[in-house]
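In: I would like to see how this sequence folds:
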Amino acid sequence: MLLKEEQYVVRWLAQYGPLPRAQLLAMLGKPPRTAEKILRNLKRQMLVADISGGYYIGLDPLCQPDQRLILAVWVLLKFFGVVDPLAHYPASYPSQIFFLKENTGYEIVVLYEGEENLLRLLQPQEDLKYIIVLPRALEMPKLKLPPAPCLFATVEFQGGDEPEVMFHYKIP
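Out: Just a heads-up that it's a prediction; the model follows:
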């Protein structure tokens with residue numbers, strides 16, 4: 001029988017594929033030693049495996065990480081204090097993740113440079129908001145936004161394991 005936190009890790013990896021170790025530790029929201037112990041126990045039970053020398057953890061050592069989804073999870077982590085650990089799911093393309101916060105649905109959409117047209121594929125619904133993750137804030141004026149509330153984010157790696165996630169509320 002798995003502990004609750006171990007079940008969370010297995011479910012997250014089943015939903016999203018391999019994730020960086022630093023991301024899983026942050027998602028667990030436990031002290032670092034406790035979170036590392038949870039991952040060690042899962043490895044001992046052969047339920048998870050190291051990928052790329054242990055930088056990523058996945059259910060299968062042959063899985064390939066999805067970098068777009070990993071960026072979306074970094075953004076999702078900023079909401080983990082108010083979002084239940086199991087109240088987020090893979091979303092329909094072009095979005096990566098859907099989550100509920102205070103009875104409102106949010107979709108995280110990661111766009112790379114030159115992918116502005118993907119926003120045309122979004123199908124806004126009542127009580128649905130978008131978080132659009134861009135490579136740089138300078139890309140915001142180029143976007144043709146869906147008729148729904150949008151928040152913008154950038155994810156910048158400064159050399160550490162965890163990036164800086166910055167939110168931008170309006171187009172400059």
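In: sec struct for Leu2, please.
Out: What DSSP: H, G, I helix; E, B strand; the rest coil gives for Leu2 is coil.
In: and the residue nearest to it when sequence neighbours are not counted, how far from Gly81?
Out: Once flanking residues are discounted, Leu2 sits nearest to Val10: 6.9 Å by Cβ to Cβ, 6 or more residues apart in numbering. Just so you know, the C-beta spots here come from the backbone N, C-alpha and C atoms, and that holds for glycine as well. Distance, Val10 to Gly81, using Cβ to Cβ, to the nearest Å: 22 Å.
In: more neighbours, these two?
Out: Val10 (16 against 7; other Cβ atoms under 10 Å).
In: so where's this protein uncertain?
Out: 170-172 (pLDDT under 70).
In: name all residues that make contact with the residue nearest the centre of it.
Out: Nearest residue to the geometric centre of the chain (Cα atoms, centre = their mean): Val73, 1.0 Å. Val73 makes contact with Tyr16, Leu19, Gln23, Met27, Ile97, according to Cβ atoms under 8 Å, 6 or more residues apart in numbering.
In: one step back: list the contacts for the residue nearest to Leu2?
Out: By Cβ under 8 Å, 6+ apart, the contact list for Val10 reads Leu2, Leu42, Leu47, Val48, Leu59.
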